[in-house]
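>>> starting from these lines, generate the structure:
(2 chains, ligands or ions: 2)
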Amino acid sequence: MAKSIFSSLFQNAQKRNRTVSFLIVIIAYAVLESMMRSGNLSSLFTSLLVPMTCYIVAAIGLNLNVGISGELNLGQAGFMSVGAFTGVSISGLLANTVPNDTVRLIIAIISGIVAAAIFGLIIGVPVLKLQGDYLAIVTLAFGQILKSIITNIYFGFDSAGLHFSFVENKTSLLPGGKMLMNGPMGATGTNKISNFTTGVILILLSLIVVYNLMDSKSGRAIMAARDNRIAAESTGIPILSTKMLSFLVSACLGGAAGALYGLNYSTLVPAKFDFNTSILILVYVVLGGLGNMTGTIIATIVLVLLPEFLRSMQDYRMLIYAIVLILIMILTNNEDLKVRMSRFSLKSILMRKKG
Amino acid sequence: MDSNTRNEAVLKVDGLGIDFGGLTAVNNFAMSIKHKEIAGLIGPNGAGKTTVFNMLTKVYKPSRGTIVFCGQDTANLSIVEMSKLGIARTFQNIRLFSKLSVLDNVKCGFHQSITYSPLDAIFKTPRYRREEHEVDRKSRELLKVFNLSNEADVVAASLPYGGQRRLEIARALATSPRLLLLDEPAAGMNPQETEDLMNMIRTVRDKFEISILLIEHDMKLVMGICERITVLNYGMTLAEGTPEEIQSNPEVVKAYLGE
Ligand SMILES: Nc1ncnc2c1ncn2[C@@H]1O[C@H](COP(=O)(O)OP(=O)(O)OP(=O)(O)O)[C@@H](O)[C@H]1O
Ligand SMILES: [Mg+2]
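Residues are numbered from 1 along each chain as shown, chains lettered A, B, ... in the order given. Ligands and ions are numbered 1, 2, ... in the order given. Below is the predicted model of the structure:
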């Protein structure tokens, strides 16, 4: 079958970008994991690996919602929070019944996803009827309200069963009981069961989910609704359920990331998932390029690790951080630059020689 | 389709009207279209032609009147439900999914006919593969009809103007409509392209066995292919009839053709 040059270029670019994203994750994993095993990674650096994978997963989800669906969602930290405290609580509850850490971690992550999905559904219905700035404001408010609520939850269990109270700690547990959530102090005494490998697997699964959705009627509908709402509806694409899907997938990945994050620390305060965290994830998405998952992964890796690399440079740290931010922005989002760079790619040089 | 439905009107509009604030844009509009008929809607600029299309597809909710499509009253239906029912359209100011490929634009038209769920897509189940394969085949077939096969994988926005208009028709047909609404399909086309378009519209009607209602300022095209014509002026029906009747109607000539 004869295909035009145009078509093969277009398809290859997209396919290549996807392959690259998997390769980056796998190669980075191989290098970092082997460095860690041979003791060549500082403890500080090692401690950043799991949070880094969490932010990547949350950012991949958000990029579906913000980059591909085109909704300005400022509540991703809220969904991480839901996932984190659900995951930590479930893991705490199951500590004795499910002694295997890996199994418990998987159960915790799945519960985090389910909880985030429920919250996503509840706020999605009213929120997705709004557009543009309004949606941004409501998702922002969602994050803040959720933080306030979680700050006031006291939740524990003992031999008599579960104990829950709101606003004030009136739960006095029997001996042998355990508080899972402690108001503003959050979750304490958590068993740290997260690990880098699980984080990397989660990234790969997130990529598969997002890429496979993009290749389906759902992905086309998401992009159609973004490009032209009225034309999409006239073509038989329901806007609300289409936007809901991208919002929910984003929320679920946020929830999964949150659960992994929460189970990486012995204590976790609700204030961790504030507005700044939502903005931080949004920065990874925007700098990596809207709709560009490979870019998101690279931007997140660089921006999570960079401050630590620069620690020795004290005074210049923020200056260099800012310069790198600007450089990433130019490299990943500048169309002119992309075209100019592609001229120097091996393929185009070969083609020029032939032609 | 039995002879009974063939003689019955596909679309029957009565007393249709809409107000924007104090302004009455369309009032007491009536028309009916038969199976496999090509009908025209003409009138001076601002007469309310596009507004009629927007009401037929429920982009605007009519203030008054009834739209009966294939025997079904459509009073409470949404834009999406009108599409499901079998009305498809193109837009005066082209509305493509500009960042999607030409092929994907057409595939979007098959949205309602695809039955697999997002989970099928995530796990790439056999059902997903089967349906996607089928949609791909049918979409490429449609592109062939509209001479867009070579551009299947380019971004829709990069198509030349005429190509974009043809792509809009292809996408509309992908929803397997019974009535196709074309809003100034020949706008911006040169005489040769317009000639090709006329043939294409006839081919579409015969191949897909659908009714077509088109808005057009190009009188040669309208008189050449329409079997019935409705003339709209200041939001009201001025005349209705065959091309010959319309051309010899003194009121129409005064209001419109004479300019
Ligand atoms: N959403 C709207 N709000 C207010 N007025 C509107 C709206 N849509 C259309 N109108 C008015 O309705 C009238 C008819 O407009 P319409 O676009 O239907 O004209 P038309 O016959 O398609 O003209 P043209 O040949 O220029 O496309 C115009 O006066 C227009 O200003
Ligand atoms: Mg118009």
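>>> could you check which residue of the stretch 151-300 of chain A lies nearest ligand 1?
With distances taken as Cβ to the nearest ligand atom, the stretch 151-300 of chain A approaches ligand 1 most closely at A:I230, which sits 11.8 Å away. To be clear about C-beta, it is placed using only N, CA and C from the backbone, and glycine gets the same treatment.
>>> helix/strand/coil for that residue?
For A:I230, the secondary-structure state derived from DSSP: H, G, I helix; E, B strand; the rest coil is helix.
>>> count the neighbours of it for me.
A:I230 is flanked by 15 other residues according to other Cβ atoms under 10 Å in any protein chain shown.
>>> who's in contact with it?
For A:I230, the residues meeting the contact criterion (Cβ atoms under 8 Å, 6 or more residues apart in numbering or on different chains) are B:59, B:79, B:91, B:95.
>>> kindly recompute the last result at 6 Å.
Each residue near A:I230 by Cβ atoms under 6 Å, 6 or more residues apart in numbering or on different chains is listed here: B:V59.
>>> continuing past the longest helix belonging to chain A, what's the next helix or strand?
For chain A, the longest helix by residue count, based on DSSP state H, is helix A:5-37. Read in the C-terminal direction, the helix or strand following helix A:5-37 is helix A:43-62, with elements assigned using DSSP states H and E.
>>> ok, residues contacting stretch B:47-62?
In this structure, residues lying in contact with stretch B:47-62 by Cβ under 6 Å, 6+ apart are A:230, A:234, B:16, B:18, B:25-26, B:41, B:43, B:78-79, B:82, B:87, B:89, B:92, B:181, B:183, B:215, B:232-233, B:235.
>>> please redo it, this time with the cut-off set to 8 Å
For stretch B:47-62, the surrounding residues in contact (Cβ under 8 Å, 6+ apart) are A:230, A:233-234, B:11, B:13, B:16-18, B:25-26, B:29, B:41-43, B:67, B:74, B:77-79, B:81-83, B:87, B:89, B:92, B:181, B:183, B:215, B:232-235.
>>> show me the strands in chain B, by range?
B:9-20, B:23-34, B:38-42, B:64-69, B:72-73, B:87-89, B:179-183, B:211-215, B:228-233, B:236-241 (DSSP state E).
>>> so what are the sheet partners of the last one and their directions?
Taking DSSP bridges as the criterion, strand B:236-241 pairs within the sheet with strand B:228-233 (antiparallel).
>>> minimum distance to chain A, which residue of the stretch 1-150 of chain B gives it?
Scanning the stretch 1-150 of chain B for proximity to chain A using Cβ to the nearest Cβ identifies B:A121 as nearest, at 3.3 Å.
>>> on that earlier part again, the longest helix of chain A versus helix A:43-62: what angle between them?
Relative orientation of helix A:5-37 versus helix A:43-62 (axes from the mean of the first three to the mean of the last three Cα atoms, to 10 degrees): 150 degrees.
>>> distance between helix A:5-37 and the chain's centre?
Between the mean C-alpha point of helix A:5-37 and the mean C-alpha point of its chain there is a distance of 18 Å (Cα atoms, centre = their mean, to the nearest Å).
>>> what is the neighbour count of B:R130?
When neighbours are counted by other Cβ under 10 Å, B:R130 registers 12.
>>> contact partners for it?
With Cβ under 8 Å, 6+ apart as the criterion, no residue contacts B:R130.
>>> what does the stretch 1-150 of chain B have sitting close to ligand 2?
Applying Cβ under 5 Å from the ion, one finds that the stretch 1-150 of chain B approaches ligand 2 through B:50, B:92.
>>> kindly list the longest helix within chain B.
The longest helix of chain B (DSSP H) is helix B:126-145.
>>> state the mean pLDDT of that one.
Averaged over helix B:126-145, pLDDT sits at 97.
>>> same check, this time on stretch A:30-39
Mean pLDDT, taken over the full extent of stretch A:30-39, equals 92.
>>> residues of that stretch that come out buried?
Within stretch A:30-39, the residues that qualify as buried are A:L32, counting by 16 or more other Cβ atoms under 10 Å in any protein chain shown.
>>> got phi/psi on B:P44?
As for B:P44, its main-chain torsions (degrees, to the nearest 10) stand at phi -60, psi 170.
>>> ignore the last one, B:D218
Comment: the main-chain dihedrals of B:D218 come out as phi -70, psi 100, following degrees, to the nearest 10.
>>> that one against B:L197, yeah?
No: with contact defined as Cβ atoms under 8 Å, B:D218 does not count as touching B:L197 (9.3 Å).
>>> stretch B:62-80: end-to-end distance?
Its first and final residues considered, stretch B:62-80 spans 16 Å by Cα to Cα, to the nearest Å.
>>> following whichever strand or helix holds A:I107, which helix or strand comes up?
For A:I107, the host element (DSSP H and E) is helix A:101-127. Proceeding C-terminally, helix A:101-127 gives way to helix A:133-151 as the next helix or strand, assigned by DSSP H and E.
>>> next secondary structure element downstream of that following helix?
Following helix A:133-151 toward the C-terminus (DSSP H and E): strand A:153-158.
>>> list of residues touching that following strand?
When contacts are taken as Cβ under 8 Å, 6+ apart, the neighbours of strand A:153-158 outside the stretch itself are A:85, A:89, A:93, A:162-166, A:168-171, A:173-183.
>>> among the residues you listed, which are within reach of ligand 2?
The subset of the contacts of strand A:153-158 within reach of ligand 2, counting by Cβ under 5 Å from the ion, is empty.
>>> quick check on those: which are buried?
A:85, A:89, A:93, A:163, A:171, A:179-183.
>>> just give me the residue closest to the centre of the chain.
If you meant another chain, say so; for now it's chain A. Nearest to the mean C-alpha position of chain A, counting by Cα atoms, centre = their mean, stands A:A58 at 0.5 Å.
>>> you answered for a different chain; I wanted chain B.
Within chain B, the residue whose C-alpha comes closest to the C-alpha centroid is B:L181; the distance, by Cα atoms, centre = their mean, is 1.8 Å.
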